[in-house]
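S.K.: Output the structure for:
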Amino acid sequence: MDKVELVSYAKVNLTLEVSGKRADGYHEIDSIVQTIDITDDLIMTKAEPGVISVTCDTAGVPEGSGNIIYAACKEFFTRSGLHAGVECLLRKRIPMQAGLGGGSGNAAAAVAGLNRLYECGLEAKELAEIAAAAGSDAPLFIYGGTIRMRGRGEIIDPLPDAPQMHIVVVKPGVGVSTAWAYAELDKSNISRCESASQRAERAIRESDRDGLIAGMCNDFDPVVTAEFDEVRLAKSRLIETGAQRAMLSGSGSAVFGVFDTYDAARQAAMDLMGEFAQVFLTRTVGRDKSSLIW
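M.R.: Residues are numbered from 1 along each chain as shown. I've put the predicted structure just below:
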């Protein structure tokens, strides 16, 4: 085998609780995360030892050592002791600076892809540890589906797949810096989403779709919507077009709405196209399709 092609999925955070800053500079988080079917494609081809090449078909996406894929490949070669090389072509569709995990998913796909390309036989736990060195929330994409994520993102508990949801993702033109969002959250006195992830996990295990949607909560939501008019408008418009719940994903700037049916989500997406930079009609994706473990 000289080439592998992988699908790299996006995610939304159904809950996101942020607590204190750790000694290493990261924050403790507790989050229920769900993969969705907005995707990138990653094509990886064997190359001469020592070569790590990363190119992308989309303008504005970092290439070479500036892309997180490069760091993930370098980490894989170092930890596995494999003396080899790889050329990576990324076909990018997941928006950047959106809170959808596009870069972290790409890093996880690169780690899993090298494992397959060179038939290294590393287990999921080892792949997740390598991915975590490239990006804090990259390990969740190794497992896919519905995940509870803690620590700085490296502690992963795969959950049963959440009830399927029809989702519209709106990406405003503005981007939100993750570092800025954490700094603003640290300064704010707003109430937090206490125990939201615990309640969401219980709803998932009981297949309680309404309970899960009602309990969705993100600590970053009030901070980011207060600062960015476009984000606040996107959230309002999702509710106006029929979303049962609308919320920021990650630290933004993407906002997603959950709809009762596919037809309702499709109509909302059609209504919102043209109002915002990017609008996606999507759905949740289970572990059987989104896992990177073969």
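S.K.: rest of the way, CA atoms for contacts and neighbours
M.R.: Will do.
S.K.: Which positions within the helix or strand containing Phe141 qualify as buried?
M.R.: Assigned by DSSP states H and E, Phe141 belongs to helix 139-143. For helix 139-143, the neighbour count (16 or more other Cα atoms under 10 Å) marks Pro139, Leu140, Phe141, Ile142, Tyr143 as buried.
S.K.: Now the last one. Nearest residue, chain neighbours left out?
M.R.: This points to Tyr143. Excluding the flanking residues, the one nearest Tyr143 by Cα to Cα, 6 or more residues apart in numbering is Ser291, at 4.8 Å.
S.K.: Give the burial count for that neighbour, as a bare number.
M.R.: 21 (other Cα atoms under 10 Å).
S.K.: do the same with the one 3 residues further on
M.R.: Here the number of neighbours of Trp294 (other Cα under 10 Å) works out to 9.
S.K.: Which pLDDT value does the model give it?
M.R.: pLDDT for Trp294: 71.
S.K.: Over to Ser19?
M.R.: Here the pLDDT value assigned to Ser19 is 89.
S.K.: Next, the contact list for it, please.
M.R.: His27, Glu28, Ile29 (Cα atoms under 8 Å, 6 or more residues apart in numbering).
S.K.: Gly175 now?
M.R.: Counting by Cα under 8 Å, 6+ apart, the residues that Gly175 touches are Met96, Gln97, Ala98, Gly252, Ser253.
S.K.: out of those residues, who has the most neighbours?
M.R.: Counting by other Cα under 10 Å, top hit in the contacts of Gly175: Ser253 with 30 neighbours.
S.K.: In three-state terms, how would that one be classified?
M.R.: Put simply, Ser253 is coil when judged by DSSP: H, G, I helix; E, B strand; the rest coil.
S.K.: Provide the secondary structure category for the nearest residue to it once chain neighbours are set aside.
M.R.: Among residues not flanking Ser253 along the chain, Ala98 sits closest, at 4.6 Å (Cα to Cα, 6+ apart). Put simply, Ala98 is coil when judged by three-state DSSP.
S.K.: any idea which helix or strand comes after the helix holding Phe141?
M.R.: Once helix 139-143 ends, the next helix or strand along the chain (criterion: DSSP H and E) is strand 146-151.
S.K.: All the helices of the stretch 151-294 of the chain, residue numbers only.
M.R.: Assigned by DSSP state H, counting those that start in this stretch, the helices in the stretch 151-294 of the chain fall at 178-187, 196-205, 209-214, 220-227, 229-240, 262-272, 287-290.
S.K.: Next, the contact list for the residue nearest to Tyr143, please.
M.R.: By Cα under 8 Å, 6+ apart, the residues touching Ser291 are Phe141, Ile142, Tyr143, Gly144, Gly145.
S.K.: what do you get if the cut-off is 6 Å, keeping everything else the same?
M.R.: Residues near Ser291 by Cα atoms under 6 Å, 6 or more residues apart in numbering: Ile142, Tyr143, Gly144.
S.K.: Could you check how far the second one is from Ile293?
M.R.: Same thing as Tyr143. Computed with Cα to Cα, to the nearest Å, the distance linking Tyr143 and Ile293 is 7 Å.
S.K.: Tell me which of the helices of the stretch 151-294 of the chain lies nearest to Lys171.
M.R.: helix 229-240 (8.1 Å; Cα to Cα).
S.K.: can you tell me which helix in this structure is longest?
M.R.: helix 102-117 (DSSP state H).
S.K.: Measure how far that one is from the centre of its chain, please.
M.R.: Mean-position distance between helix 102-117 and its chain equals 13 Å (Cα atoms, centre = their mean, to the nearest Å).
S.K.: picking up where we left off before, can you lay out the helices of the stretch 151-294 of the chain as JSON lines showing mean neighbour count and mean pLDDT?
M.R.: Shown next, in JSON lines, are those (neighbours: other Cα atoms under 10 Å; pLDDT from 0 to 100):
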{"stretch": "helix 178-187", "mean neighbour count": "14", "mean pLDDT": "91"}
{"stretch": "helix 196-205", "mean neighbour count": "19", "mean pLDDT": "97"}
{"stretch": "helix 209-214", "mean neighbour count": "16", "mean pLDDT": "96"}
{"stretch": "helix 220-227", "mean neighbour count": "18", "mean pLDDT": "94"}
{"stretch": "helix 229-240", "mean neighbour count": "20", "mean pLDDT": "97"}
{"stretch": "helix 262-272", "mean neighbour count": "18", "mean pLDDT": "98"}
{"stretch": "helix 287-290", "mean neighbour count": "17", "mean pLDDT": "95"}
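S.K.: Done for today, thanks.
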